[in-house]
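Asker: Have a look at this prediction, sequence included:
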Amino acid sequence: MWIFFTFLAAFMQAWRNAFQSQLSKEVKVAGVTLARFLWAGPIAALYLGSLYLWQPVAMPEISLQFSLYVLGASAAQILATVLLVRLFKLKNFAVGAGLAKSEALVAAVLGVLFFGTQLSGLGWLGVIIGGLAVFMMSSAKGLRGISFKTAFIGLACGTGFALTSLWVRQASLILDLPFPHRAAWVLLFVITIQTLVLLAYLLITDKQVLTALIERPKLTLLTSITSCLGSIGWFSAMSLQSVPYVKTLGQIEVFFTLLIAMFWLKQKVKIKDMLALLLIALAAVLVMWS
């Protein structure tokens, strides 16, 4: 079940990144970040309501610990999304999205150190291979030509997404509900907080960004829809399995990214980047075997 949700999340996230990449050419970073959440809230509420119609359960008990995890995940994901958009401006779409996948390696390290995560030998091997592969994609001229600025932003972006995932899983495990319901509740809380924070920020600082989103309704809506569907996949998978396994398998997203970059965005992908993608595939296979 967690493998199915991870593949769903990876496919949807590849498209969300593509839509954000297109939107970033015309809209400021804060607006592109908001587009991810703007229409996702109603979709998340509809999904949660459908779960209760399918399987009525009790309402969740909201504790202080749960609230702190949700707030932390909300803030970390906003920051990581801002850095992801910055990556799109520094590199092309496929490379920027690939660098953000350093989150699997960071999640493994943080998970073992602070969240009680346990990985098998094959699991660690897969995570390390995947981490090396994404750093290969930050190089313009092979490993000797690594751009430290791009690599640093990529690592910071991956760390933000890793913390988001780890805190989301912790928040989900606190709720005494079936896995789809608890994942859906966490998703709704996180998206609502993110939407309100970004809307308030832009209303105060730059209303023109909101106008820019309104003028691009199709791209904004597609970004929100794919983001929400991807988050449903991620949050559900992480309710069932440890974050490093989910995120390493989720690196299969870069194959979808490669296809989108080549056939929809008409961007060229270097041989070096394709080799890195093959290493990411190997990492995903190792994680599934473990």
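Answerer: Perfect, thanks for sending it. Numbering: from 1, shown residues only.

Asker: so where do the helices sit in this structure?
Answerer: 2-23, 29-37, 40-54, 64-90, 93-99, 103-114, 121-136, 148-174, 179-205, 207-214, 217-240, 243-249, 253-263, 271-289 (DSSP state H).

Asker: Which stretch among those is buried most, on average?
Answerer: helix 243-249 (a mean of 30; mean count of other C-beta atoms under 10 Å). For glycine as for every other residue, the C-beta is placed from the backbone atoms N, C-alpha and C.

Asker: Now do it: which elements does it pack against?
Answerer: helix 2-23, helix 103-114, helix 121-136, helix 148-174, helix 217-240, helix 271-289 (3 or more C-beta pairs under 8 Å, 6 or more residues apart in numbering; DSSP states H and E).

Asker: Relative to the whole chain's centre, how far out is it?
Answerer: In terms of C-alpha atoms, centre = their mean, to the nearest Å, the centre of helix 243-249 is set 12 Å apart from its chain centre.

Asker: One more: stretch 241-252?
Answerer: Using C-alpha atoms, centre = their mean, the distance between the centre of stretch 241-252 and that of its chain works out at 11 Å.

Asker: I'd like to know how far the nearest residue to Leu188 once chain neighbours are set aside sits from Leu275.
Answerer: Among residues not flanking Leu188 along the chain, Ala44 sits closest, at 4.6 Å (C-beta to C-beta, 6 or more residues apart in numbering). Going from Ala44 to Leu275 by C-beta to C-beta, to the nearest Å gives 38 Å.

Asker: Leu198 too?
Answerer: Distance from Leu198 to Leu275, by C-beta to C-beta: 37 Å.

Asker: rewinding a little: out of the helices and strands packed on helix 243-249, which gets nearest to Phe66?
Answerer: With C-beta to C-beta as the measure, helix 148-174 is the member of the helices and strands packed on helix 243-249 nearest Phe66 (4.8 Å).

Asker: now the angle between helix 217-240 and the closest one, please.
Answerer: For helix 148-174 against helix 217-240, the angle by axes from the mean of the first three to the mean of the last three C-alpha atoms, to 10 degrees is 60 degrees.

Asker: mind showing which ranges of the stretch 101-250 of the chain have poor pLDDT?
Answerer: 101-102, 134-147 (pLDDT under 70).

Asker: could you redo the last one with a cut-off of 90?
Answerer: Counting by pLDDT under 90, the stretch 101-250 of the chain shows low-confidence ranges at 101-159, 161-162, 179, 206, 241-250.

Asker: number of nearby residues for the closest residue to Asp176 other than its chain neighbours?
Answerer: The spatially closest residue to Asp176, leaving aside those adjacent along the chain, is Glu61, at 7.4 Å (C-beta to C-beta, 6+ apart). For Glu61, the tally of surrounding residues (other C-beta atoms under 10 Å) stands at 10.

Asker: ok, now which ones touch the residue lying closest to Tyr52 once chain neighbours are set aside?
Answerer: Once its chain neighbours are removed from consideration, Tyr52 has its nearest residue in His181; the separation is 7.5 Å (C-beta to C-beta, 6+ apart). In this structure, His181 makes contact with 48, 51-52, 55, 57, 60, 175, judged by C-beta atoms under 8 Å, 6 or more residues apart in numbering.

Asker: out of the residues you listed, who's nearest Phe189?
Answerer: Nearest to Phe189 out of the contacts of His181 is Pro60 (C-beta to C-beta; 9.4 Å).

Asker: shouldn't the closest one be in contact with Pro178?
Answerer: No - in this structure, Pro60 sits apart from Pro178 without contact. The criterion is C-beta atoms under 8 Å, and the distance is 11.3 Å.

Asker: More neighbours: those two, which one.
Answerer: Comparing Pro60 with Pro178 by neighbour count (other C-beta under 10 Å), the higher total belongs to Pro60, at 16 against 13.

Asker: What values do phi and psi take at that one?
Answerer: With angles defined as degrees, to the nearest 10, Pro60 sits at phi -70, psi 150.

Asker: Could you check how far it is from Ser239?
Answerer: 13 Å.

Asker: who touches both of those two?
Answerer: Here Pro60 and Ser239 share the contacting residues Arg182, scored by C-beta under 8 Å, 6+ apart.

Asker: Against Pro178, how distant is the residue nearest in space to the middle of the chain?
Answerer: When the chain is reduced to its mean C-alpha position, the nearest residue by C-alpha atoms, centre = their mean turns out to be Phe161, at 6.0 Å. Distance from Phe161 to Pro178, counting by C-beta to C-beta: 26 Å.
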